[in-house]
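S.K.: need a structure here:
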Amino acid sequence: MHRGVGPAFRWARKMASSGPEPQILVQYLVLRKDLSQAPFSWPAGALVAQACHAATAALHIHRDHPHTAAYLQDLGRMRKVVLEAADESALKELAETLQQKNVDHMLWLEQPENIATCIALRPYPKEEVNQYLKKYRLFK
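M.R.: Residues are numbered from 1 along each chain as shown. As a prediction, the model looks like this:
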């Protein structure tokens, strides 16, 4: 005996028939690993704050870009990837490369010390920026 279609099945069918999947956008952050180690030994909360500052600034600066607008329209699907750079020189080298390749990003400078701590890219399809980030590992 057929009892009808349950709500979970209707939802799955609707999702399957609702057309192509929207483009997956990712916001990449690259955080300095050396800040968590001696002689700096910043606490985890301070490092997380640096990443948050950089991410927020990048989203704000590039808020009118269509990728940023799309990323912010579905808060439940936001994706961020946090990578690690060995030190300040590695972070600044990446910033220079991104600048040369016209990749939108924000290099966060902690004030008042003026220390480069994190780079945040605006949201991008990962295939557009992978080539610049592939040498960086996930932050641990």
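S.K.: low pLDDT regions in the chain?
M.R.: Scanning the chain for pLDDT under 70 picks out the ranges 1-21.
S.K.: just the helices in it please.
M.R.: 7-17, 44-61, 66-73, 88-100, 126-133 (DSSP state H).
S.K.: what number of residues lie near residue 98?
M.R.: By other CB atoms under 10 Å, the residues close to residue 98 number 20. From N, CA and C alone the C-beta is placed, and that goes for glycine too.
S.K.: follow-up on the earlier one: go through the helices of the chain and name the closest to residue 82.
M.R.: Smallest distance to residue 82 across the helices of the chain (CB to CB): 6.1 Å, for helix 44-61.
S.K.: Mind giving me the packing neighbours of the closest one?
M.R.: Under the contact criterion of 3 or more CB pairs under 8 Å, 6 or more residues apart in numbering; DSSP states H and E, helix 44-61 touches strand 25-32, helix 66-73, strand 105-110, strand 115-121.
S.K.: Direction-wise, compare the shortest one with strand 115-121 and give the angle.
M.R.: Between strand 105-110 and strand 115-121, the angle formed by their directions is 150 degrees, by axes from the mean of the first three to the mean of the last three CA atoms, to 10 degrees.
S.K.: Tabulate the helices and strands packed on helix 44-61 (JSON lines), appending mean neighbour count and distance to residue 135.
M.R.: Putting these into JSON lines (neighbours: other CB atoms under 10 Å; distance: least, CB to CB, whole Å) gives the following:
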{"stretch": "strand 25-32", "mean neighbour count": "23", "distance to residue 135": "10"}
{"stretch": "helix 66-73", "mean neighbour count": "15", "distance to residue 135": "23"}
{"stretch": "strand 105-110", "mean neighbour count": "21", "distance to residue 135": "16"}
{"stretch": "strand 115-121", "mean neighbour count": "23", "distance to residue 135": "14"}
